[in-house]
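Chemist: kindly generate the corresponding structure for this input.
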Amino acid sequence: MLGIITDGTTAFVILLGAAILDYLVGDPPQWLHPVQVMGWIIDNYCRLIWARNWGKIAEKIAGILLVILLIGITVSSVVTLILLTQIWHRNLALILQIILLASCFAGRSLHRAAMAVLTPLNSGDLPQARQILSQYVGRDTAHLDRAEILRAVLETVSENATDGVMAPLFYALLGAFLEQSPAVWALGYKAVSTLDSMVGYRTPPYTHLGWASARLDDVLTWLPCRLVVVTIGFLSGKPLYVWRICGRDAPFDPSPNSGWSECCYAAALGVQLGGLNTYGGVVKIKPKLGESHREITPAVIKQALTLTRWCFLIWLGLGLLFLGILPG
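Modeler: Next up is the predicted model:
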């Protein structure tokens, strides 16, 4: 991710500008998003590999090459684009980096998705709420009742708070501290996150081809996820309780990160997540996370979104503070 040296002042402007842009605009649906390009590359690569019917070892090697290929294409393309824009005008390159980094922050998009489901749900239109929910979750939604819809929304909000909002910010800040472009580092992480969301499954046909993507995402998301747990714990006013509940329940989740992310929100909000889900007609039981002190309501989901926003602002504020203190 070398190639674009960024001083503290420039990084400060990029980070703050991207945060404001995401808050005000989010991801306009009519714009081409970097993740769409990544998805096209991943999809075509997978089709190419599966057409050859290779064995387990060959598919695992192909999975490693997929990770290297996508990260390499993403980072080199972004670096080249920024450098070419700098030749034209330095301020234009700055604006470009703000836009690229804003595309990595899914704060407004996450809020918009949750509200898109809650709006018809609050008016009693369950079929519409189920249909919209199906666009955001992998589980079957056709027969979910109101309580299950609310649980699905909260699980999506709490899981994506880490890999969709906080982890990209973590790597953007890390890049800035290393005097590199925050946008390049965040998009590098986004490439790994996209790989995991598309092929990082233990079930066929992704079992072997996606294992490298899943493992790398687990590693890169581990630290940001634990920092989210700590931050949400302090925001809830009961950090020791949140950490204790996460330590008790989260290890039972198959993912080393999503269980912790969901559990910290469940503990902070006093609700319970997990239970029976259906995927493609196959019933799966997810471990229970948290304690059911109250029901999941639209108000609880809005509180979760507020916690994420405050978590983001705290990390961003501390990051900008340190960038302001550091020389350069």
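Chemist: the closest residue to residue 303 other than its chain neighbours: what's it in contact with?
Modeler: Nearest residue to residue 303 in three dimensions, chain neighbours excluded: residue 269, at 6.0 Å (Cβ to Cβ, 6 or more residues apart in numbering). For the C-beta atoms, the positions are set from N, CA and C on the backbone; glycine is no exception. Going by Cβ atoms under 8 Å, 6 or more residues apart in numbering, residue 269 touches 236, 290, 300, 303-304, 307.
Chemist: try it again with 10 Å
Modeler: 154, 158, 232, 236, 242, 290, 293-294, 296, 299-301, 303-304, 307 (Cβ atoms under 10 Å, 6 or more residues apart in numbering).
Chemist: most widely separated two among those?
Modeler: The two members of those with the most space between them (Cβ to Cβ) are 242 and 299, at 19.6 Å.
Chemist: from the contacts of residue 269, which land in strands?
Modeler: Assignment to strands by DSSP state E places none of those there.
Chemist: just the buried ones from those?
Modeler: For the contacts of residue 269, a burial check counting by 16 or more other Cβ atoms under 10 Å picks out 154, 158, 232, 236, 242, 290, 296, 300-301, 303-304, 307.
Chemist: of the residues you listed, which belong to helices?
Modeler: Of the positions in the buried ones among the contacts of residue 269, 154, 158, 232, 236, 242, 300-301, 303-304, 307 sit in helices, assigned by DSSP state H.
Chemist: just for this protein, where's the confidence low?
Modeler: Where the chain drops to pLDDT under 70, the residues are 1-3, 5, 326-328.
Chemist: tell me which residue lies nearest the centroid of it.
Modeler: Geometric centre of the chain, nearest residue: residue 164, 1.8 Å, by Cα atoms, centre = their mean.
Chemist: quick one, what contacts that one?
Modeler: 104-107, 109-110, 156-157, 190, 193, 197, 308.
Chemist: among the residues you listed, which are located in helices?
Modeler: The helices, defined by DSSP H, take in 107, 109-110, 156-157, 190, 193, 197, 308 from the contacts of residue 164.
Chemist: and for residue 255, the neighbour number?
Modeler: Residues lying near residue 255 (other Cβ atoms under 10 Å) number 18.
Chemist: also residue 29?
Modeler: By the measure other Cβ under 10 Å, the count of residues near residue 29 is 8.
Chemist: secondary structure element for it?
Modeler: If you go by DSSP states H and E, residue 29 is not part of any helix or strand.
Chemist: equivalent analysis for residue 284, please.
Modeler: Per DSSP H and E, residue 284 falls inside strand 282-289.
Chemist: so what strands line up beside that strand?
Modeler: When sheet partners are counted by DSSP bridges, strand 282-289 sits next to strand 273-279 (antiparallel).
Chemist: centre of the chain to the strand holding residue 284, how far?
Modeler: Mean C-alpha position of strand 282-289 versus that of the full chain (Cα atoms, centre = their mean, to the nearest Å) differs by 21 Å.
Chemist: could you pull out the buried residues of it?
Modeler: 286-287, 289.
Chemist: how about residues contacting it?
Modeler: Against strand 282-289 from outside (Cβ under 10 Å, 6+ apart): 139-140, 155, 158, 203, 245-246, 248-254, 258-267, 271-278.
Chemist: repeat that with 6 Å
Modeler: Outside strand 282-289, the residues that touch it by Cβ atoms under 6 Å, 6 or more residues apart in numbering are 249, 252-253, 262-263, 266, 272-274, 276-277.
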